[in-house]
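Enquirer: give me a model of this one.
(chains A, B, C and D)
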Amino acid sequence: MALVLNEEQLMLKDSARSFLDSQAPVSHLRELRDSEDREGFSRELWAEMADMGWPAILVPEQYGGLGYGYTGIGIVLEETGRNLTPSPLLCTAMVGAAAIVKAGSDEQRESLLPAVAGGQHLLALACDESSRHAPHEITTTAVKDGESYRISGRKINVADGHIAETFIVSTQTANGVSLFLVPKDSGGVSVEPFRQLDTHHAANVAFDQVVVNKSSLLGPLDDGLGLLDYLLDVGRTGASAEMLGLAQEVFSRTLDYLKERKQFGVPIGSFQALQHRAAQLFGELEMCKSLVLKALQTLDEEPDGDPELASLTKSKLGETAHLAATEAIQMHGGIGMTDDFDIGFFLKRCKILDNLYGDSLYHLDRFARLRGY
Amino acid sequence: MALVLNEEQLMLKDSARSFLDSQAPVSHLRELRDSEDREGFSRELWAEMADMGWPAILVPEQYGGLGYGYTGIGIVLEETGRNLTPSPLLCTAMVGAAAIVKAGSDEQRESLLPAVAGGQHLLALACDESSRHAPHEITTTAVKDGESYRISGRKINVADGHIAETFIVSTQTANGVSLFLVPKDSGGVSVEPFRQLDTHHAANVAFDQVVVNKSSLLGPLDDGLGLLDYLLDVGRTGASAEMLGLAQEVFSRTLDYLKERKQFGVPIGSFQALQHRAAQLFGELEMCKSLVLKALQTLDEEPDGDPELASLTKSKLGETAHLAATEAIQMHGGIGMTDDFDIGFFLKRCKILDNLYGDSLYHLDRFARLRGY
Amino acid sequence: MADNGTFRRETRDWLEANCPESMRQPYNYEADACWGGRNCKFQSEDQKAWLQRMASRGWTVPTWPKEYGGGGLDLAQAKILKQELARINARPPLESFGISMLGPPLLKFGSEELKLQHLPPIARGEIRWAQGYSEPNAGSDLASLQMRADDMGDHFIVNGSKIWTSYGDKGDWMFCLVRTDFEAKKHAGITFVMFDMTTEGVSTRPIKLISGKSPFTETFLDNVRVEKNQVIGEINDGWTIAKYLLSHEREMIAGAGILASGSLPVSEVAARALGRQNGILSEPMLRADIARFEIDERCLALTIERARDEVKAGVSLGAVASMFKYYGTELNKRRYELLMSVSGQEALQWEGGEDGLGELPKKWLRTKGNSIEGGTSEIQLNIVAKRILGLPG
Amino acid sequence: MADNGTFRRETRDWLEANCPESMRQPYNYEADACWGGRNCKFQSEDQKAWLQRMASRGWTVPTWPKEYGGGGLDLAQAKILKQELARINARPPLESFGISMLGPPLLKFGSEELKLQHLPPIARGEIRWAQGYSEPNAGSDLASLQMRADDMGDHFIVNGSKIWTSYGDKGDWMFCLVRTDFEAKKHAGITFVMFDMTTEGVSTRPIKLISGKSPFTETFLDNVRVEKNQVIGEINDGWTIAKYLLSHEREMIAGAGILASGSLPVSEVAARALGRQNGILSEPMLRADIARFEIDERCLALTIERARDEVKAGVSLGAVASMFKYYGTELNKRRYELLMSVSGQEALQWEGGEDGLGELPKKWLRTKGNSIEGGTSEIQLNIVAKRILGLPG
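Expert: I've put the predicted structure just below:
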């Protein structure tokens, strides 16, 4: 497949950009923060996104979706990244939808996908237990008990964990790893929400002898590690798309400032040292654009994805977005350090996205392991 | 001890610099190369160095030496590094002398040190067997046979191996590692000399059932690993001192060129991007000066040295000297790539010194291990 | 003067007797630092006693002359005092811009009268000082400052605003650069003045940073009367004073970068948080970055040590302070990036008070300003290139 | 024209029948490349046959029009041909600056007469071209060139010297920038001319590089007669041609950086040389650097792919070639640094012939020129900053 967007995708991108520019620019995030919004995102905005069909992008048409695939949802995430818009898109419309589409039973698909596509049902992947990302180290257990399973354990830093109706939970079962769909209102589920440094919210979620029916099993029993990795790679690619938007936007604001801010009687963008750093950053961003597009297209084309590509993309995007955000602050000087100015929001969001599902160093290591060294 | 040179050391530095500037500048190395000198260094120059007392610096006065210590020999090595002067100073006057002074029996000291101090006896540490530095992996054996040992094995890339009268050889003995002094004319020793890319020479040395008397044992039987590491750390510090001189000189030549070469009607040193890179390099070189001086002083003060400091110094110097040499070529442009110009010699010598006794990445790893992580 | 062995013994004994137990441990919170000043609220009797006892010996400023409230120590003695303080983990009795910033230029360029007026209260921690250098439109081009001082004979009337005044809302007095000649080229025509911040017309407004904290203010001067006898150096020659002060400030900032000497090494923090596998840190890529950082950290510490020894040996430091400022602040940013990586998801929460959760990310964000304040990294590199390396243009 | 399935099948069959077995393996030595030209000495009958057969179909330059010796293929077909050649590991039948450098501007700006004169011999590998751009005192400031062409009516008389002429001693013809207007501003007054290097007054001298090899010459012109009908574009408008050629050259150089596609990945070389411990490369620090390199290598490959797809989709490449040139050459330098590290002490010997020992360090040294030739990295970054990012000054 050619590494360019097709007509349909270009239209989706344009419409996402113009919607977000007018409805949810960075000032939207600032308002949510300053009003100390309890959930850290706007339900009204989410309803509008649902009207635009965004949560339906990944859902097949037979379940009320649009079937635009990963590239489609990635394009929209790039635009929310550009505007730092908080929304359940990544966790519900990308990772969550992918989970049900990929591994759901007919019953699970029928019961969940239409509601996901309509934006009425929110999902969250609960997969981390230690402070550093290590999704294969699972102590949460699901013990068979007749027709049910009893789930016990604690997942931390669950993105969208504070709003999800259903958790996708990784557990140890008798002979391996299995994923379960656990409604938040199951007895024994307790959610401790908190605000992250980027003013998005998340939650630690404890499962205390939570009983779920065996029909809540998602994907194969005991053999769910591949599915977990796949879903993580989907999430990593989505987070990379968001970081791509973020990095491009913060770079673009920096370029504007370099052209406009004067020191010593000339625009600071005329200083060669800054020019070279900007040019190097431009090059890195071009690399990132290629990576994200290739990673999204690969998810659409390869049934099992390409773990090596997912890791390399996440690693490179984490590093480059961070470089773009820190260079932005340095080049803006003092004003970039003030809360009144928006630049700091990009650095903060970048830190969260870099950490999500493994940071750039984690994926540098995973990349090398996957290549056999 | 204050991190400055004392009066005596300053005088030594000055005299070394003026001697080398006049007797052995970089053109001396070029002549050796172009005349395809069989040994890659000048015996006449070495005799003059001996007259100056350089091989005697580390040797105690009672054996005809000067007793100026490691800082003294390091100062001279910094100056030979500046001029890329090939000589047996590092291998004989620093590592070799240290070996005999530190671990030699009375007999060994008396028979070797006066000749070392006079420059008549050359030594070489034969410690590497694999292409990547791994001095603890020793397959060369020394098997006890009555009052003798039989040594068999092959050491590669022995610095000064092509000219040494005596090799200091690391071997496996019955219960550990032991070092032996092996004269080059012992039966079964074969030396394969070769020219390195910096036009210094070295040799691979094979030992085929070489018989040496047990009095040739240097240091403790079976427990020589600590001594080997100490000697390597001495060599690493000496190589670092040479790289410091090399890096400063190539940087200084680059600064001159930046001030003199004009492009677009102005000196290229007025371009801010080059200025910032030069300023950053200046900072790194200041760091390197502190490290080398501290590492030399520590060898003088601490009986067992400081392995962590030796590794950090070797790692940082390898990296910084390489940066200085490559920036020099880049900033000189085309002319820096030509053989007629001297800059390339610095890059080549730097590569050899970086590799000697473990390169910068090896020592980055060793540094971390020594610090327990 | 007693020999140094005696001095060490006496110092140790005195500290043993006079440093309260609670002052013998590292700061837990920023608020543990004592900044003195008219409105100083001591956290404890111990904190107050510690300051007063040290000040009584002149040991808040050990090397200042005794007549200005100092300890009159020579460099060797000062080093011994520092070692003995470190030995018992004593907290600094006083943090002070009066000491670290104003002191050096005032000692070098101030009149005897001004020294006697200002230095002793600084040494005793009675007056807290604020710095008035930057202006909203000046930035790195400091000399283009616009704060206007009109000559009224024995005094100036000053109008304008300053920005990035550290703890401006807590300062008692301010030292300040103002423009006194409006025709001269920009580096000429600047004067270095001091005034009481309770003077009519002075007001401040906190600046909130991305870290959520407000350690700086804007400071507004509206027809503020400043006496001419409160000028350091000559009128219109303030740039000389300013440069001298800045190079001292840079040195201090660089020192701060490695002054994490009391805290755990980053590698140790990492080993505790992440554990080891086969004897090495379990995240190999993070390990590589940490090792590079720790090497550079040691490099800077040794180079600062060398620079100090060179000063003692009579070699002047000069523009090298810019190199230290650059290196030290870049290093401090790396330190906090690594600490954030090591802490992983735990470091992502914003909630929590001064202690524990939420504190690390705020510190991390704050470090991003290190390479901007006190002259940006770019300005430092310019200075090194031009003044040390002699590059043209 | 047949559909693409048919084209692929026919191409595969033809290659099967016509590509000699010995041409189906990577180059072992530099000398394995066939550069053609009047003095070409083929290494083997196979090499000669392979060139002649490919040239007979126009497939040395698949997308050039047939009337100029090309294959007349569209982009889709050219891609298929490339894939089929790669499938059997076929060597390029011809390396040629005539194809990679002169061809594009000649096709775009040349008169019909010039195209018919020069392009077919290029396509057939009969004439080998040399480039005359740089001059000893011009360097990065290419437009300040001084080679002087005096107008003699129907011809010029040219005097001066060029430097960094790739294989200048092996060229048959040279394309060259000369100054034809001595009053005009430096970018004006330059003309793009071509001449036969056997013309009286042309001489060359090899330049020995730090790698010990001499792939470049200086080229001296002493009263050399150059016909005016050998000018591409207008007289005094040579800078337009030069810029166009340069941007194509840069793209090519960037491509070369990742064109190690036939060779083993660096990580695989490392794993074979160093072995693994606990499943990962046994030198953890080197491993980190290799992983970063391989990520960037993949980045560049994908970005070149994307840029090509964008061109097909109608988006123009423009100054982005500078970014590729910068990125690709820096990457190639990193590749050889890593290969040197991986090879350790074995890579330090200088002896040995073309093969084996001594070859790697020479290649490594040679790569240091990548970021200088064809416009330095600094020039590329300037171009990106100004032409793409629109930064001032």
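
Enquirer: how about the stretch 251-393 of chain C: which residue is closest to chain D?
Expert: C:A288 (4.3 Å; C-beta to the nearest C-beta). Quick note: C-beta positions are derived from backbone N, CA and C, even for glycine.

Enquirer: show me what from chain A comes close to chain D.
Expert: With the criterion set to C-beta under 8 Å from any C-beta of the partner chain, chain A comes near chain D through A:2-4, A:255, A:258-259, A:266-267, A:269-272, A:274-276, A:278-280, A:282-283, A:286-291, A:293-294, A:312, A:315-316, A:364-365, A:367-369, A:371-373.

Enquirer: how many other residues sit next to A:A50?
Expert: A count of nearby residues for A:A50, using other C-beta atoms under 10 Å in any protein chain shown, gives 18.

Enquirer: quick check: phi and psi at C:M194.
Expert: Note on C:M194: backbone dihedrals following degrees, to the nearest 10 are phi -130, psi 140.

Enquirer: ok, it - contacts?
Expert: By C-beta atoms under 8 Å, 6 or more residues apart in numbering or on different chains, the residues touching C:M194 are C:L114, C:H118, C:W173, C:M174, C:F175, C:C176, C:V226, C:Q230, C:V231, C:I232.

Enquirer: which of these fall in helices?
Expert: Counting by DSSP state H, the contacts of C:M194 place C:L114, C:H118 in helices.

Enquirer: wait, which of the contacts of C:M194 is closest to chain B?
Expert: Checking these against chain B with C-beta to the nearest C-beta, the nearest one is C:F175 at 29.4 Å.

Enquirer: show me the contacts for residue 138.
Expert: By default, I'm working from chain A. With contacts defined as C-beta under 8 Å, 6+ apart, A:I138 is in contact with A:E129, A:G153, A:S170, A:T171, A:Q172, A:V177.

Enquirer: right idea, wrong chain: chain C
Expert: C:S144, C:L145, C:Q146.

Enquirer: so among these, which ones count as buried?
Expert: Listed as buried from the contacts of C:A138 are C:S144, C:L145; burial here means 16 or more other C-beta atoms under 10 Å in any protein chain shown.

Enquirer: export the contacts of C:A138 to JSON lines and tack on secondary structure, pLDDT and distance to C:G132?
Expert: Below are the contacts of C:A138 laid out as JSON lines (DSSP: H, G, I helix; E, B strand; the rest coil; pLDDT from 0 to 100; distance: C-beta to C-beta, whole Å):
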{"residue": "C:S144", "secondary structure": "helix", "pLDDT": "89", "distance to C:G132": "15"}
{"residue": "C:L145", "secondary structure": "coil", "pLDDT": "92", "distance to C:G132": "10"}
{"residue": "C:Q146", "secondary structure": "coil", "pLDDT": "93", "distance to C:G132": "13"}
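
Enquirer: distance to C:G160 added to the contacts of C:A138, as TSV?
Expert: Converted to TSV, those look like this (distance: C-beta to C-beta, whole Å):
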residue	distance to C:G160
C:S144	13
C:L145	8
C:Q146	6
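
Enquirer: so which of the contacts of C:A138 also contact chain B?
Expert: Restricting these to those near chain B - C-beta under 8 Å from any C-beta - leaves none.

Enquirer: and stretch A:177-186, C-alpha only, in CSV?
Expert: What follows is stretch A:177-186, C-alpha atoms only, in CSV (Å, rounded to 0.1, in the frame of the first residue of the first chain):
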residue,chain,number,x,y,z
VAL,A,177,-2.8,-15.8,30.6
SER,A,178,-6.4,-14.9,29.9
LEU,A,179,-8.3,-11.7,29.3
PHE,A,180,-11.7,-11.0,30.8
LEU,A,181,-14.3,-8.3,30.3
VAL,A,182,-15.2,-7.0,33.7
PRO,A,183,-18.1,-4.5,34.2
LYS,A,184,-17.2,-1.8,36.6
ASP,A,185,-20.3,-2.4,38.6
SER,A,186,-19.4,-6.0,39.4
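
Enquirer: quick one: buried residues of that stretch?
Expert: Under the neighbour-count criterion of 16+ other C-beta under 10 Å, stretch A:177-186 has A:V177, A:S178, A:L179, A:F180, A:L181, A:V182, A:K184 buried.

Enquirer: stretch C:179-190 now?
Expert: Buried residues in stretch C:179-190 (16+ other C-beta under 10 Å): C:R179, C:T180, C:K186, C:G189, C:I190.

Enquirer: pLDDT wise, what is residue 274 at?
Expert: You didn't pick a chain, so chain A it is. As predicted, A:L274 sits at a pLDDT of 98.

Enquirer: not quite, I wanted chain C
Expert: The score at C:L274 is 92. That number is its pLDDT.

Enquirer: so what's it up against?
Expert: Residues counted as contacts of C:L274 (C-beta under 8 Å, 6+ apart) are A:R132, C:L281, C:S282, C:E283, C:L286, C:V342.

Enquirer: out of those, which is nearest to chain B?
Expert: For those, the minimum distance to chain B (C-beta to the nearest C-beta) is 4.4 Å, reached by C:L281.

Enquirer: tell me the bridge partners for that closest one.
Expert: C:R276 (DSSP bridges).

Enquirer: list the contacts for it?
Expert: If you count contacts by C-beta under 8 Å, 6+ apart, C:L281 has them with B:A368, B:Y373, C:S267, C:A270, C:A271, C:L274, C:R287, C:I290.

Enquirer: kindly report the same for C:G103.
Expert: By C-beta under 8 Å, 6+ apart, the neighbours of C:G103 are C:V61, C:W64, C:L119, C:I122.

Enquirer: same question, A:S190
Expert: Applying C-beta under 8 Å, 6+ apart, the residues contacting A:S190 are A:V205, A:A206, A:D208.

Enquirer: now do 10 Å
Expert: A:R154, A:K184, A:A203, A:N204, A:V205, A:A206, A:F207, A:D208, A:V210 (C-beta atoms under 10 Å, 6 or more residues apart in numbering or on different chains).

Enquirer: now which of these would you call buried?
Expert: Those of the contacts of A:S190 that meet the buried threshold are A:K184, A:A203, A:N204, A:V205, A:A206, A:F207, A:V210, by 16+ other C-beta under 10 Å.

Enquirer: nearest to A:N83, of those residues?
Expert: A:A203 (23.7 Å; C-beta to C-beta).

Enquirer: picking that back up, among the buried ones among the contacts of A:S190, which lie within strands?
Expert: In strands, judged by DSSP state E, the following of the buried ones among the contacts of A:S190 are found: A:A203, A:N204, A:V205, A:A206, A:F207, A:V210.

Enquirer: wouldn't A:S27 be in contact with A:D340 here?
Expert: No. Look at A:S27 against A:D340 with C-beta atoms under 10 Å: they stay out of range, at 11.7 Å.

Enquirer: my guess is A:L181 is in a helix, correct?
Expert: No. Going by DSSP: H, G, I helix; E, B strand; the rest coil, the assignment for A:L181 is strand, not a helix.

Enquirer: please verify my assumption that it contacts A:S215.
Expert: Yes. At 9.0 Å, A:L181 and A:S215 qualify as touching, with contact defined as C-beta under 10 Å.

Enquirer: and the stretch 151-300 of chain C, which of its residues are near chain D?
Expert: Counting by C-beta under 10 Å from any C-beta of the partner chain, the residues of the stretch 151-300 of chain C close to chain D are C:Q277, C:N278, C:I280, C:L281, C:P284, C:M285, C:L286, C:R287, C:A288, C:D289, C:A291, C:R292.

Enquirer: of those, keep whichever come out buried.
Expert: C:I280, C:L281, C:P284, C:M285, C:L286, C:R287, C:A288, C:D289, C:A291, C:R292.

Enquirer: between the residues you listed, which sits nearest A:E165?
Expert: Distances from A:E165 to these, taken by C-beta to C-beta, are shortest for C:L286, at 36.0 Å.

Enquirer: list the residues that contact the closest one.
Expert: Contacts of C:L286 by C-beta under 10 Å, 6+ apart are A:132, A:359, A:361-362, A:364-365, B:373, C:266-267, C:270, C:274, C:338, C:341-342, D:288.
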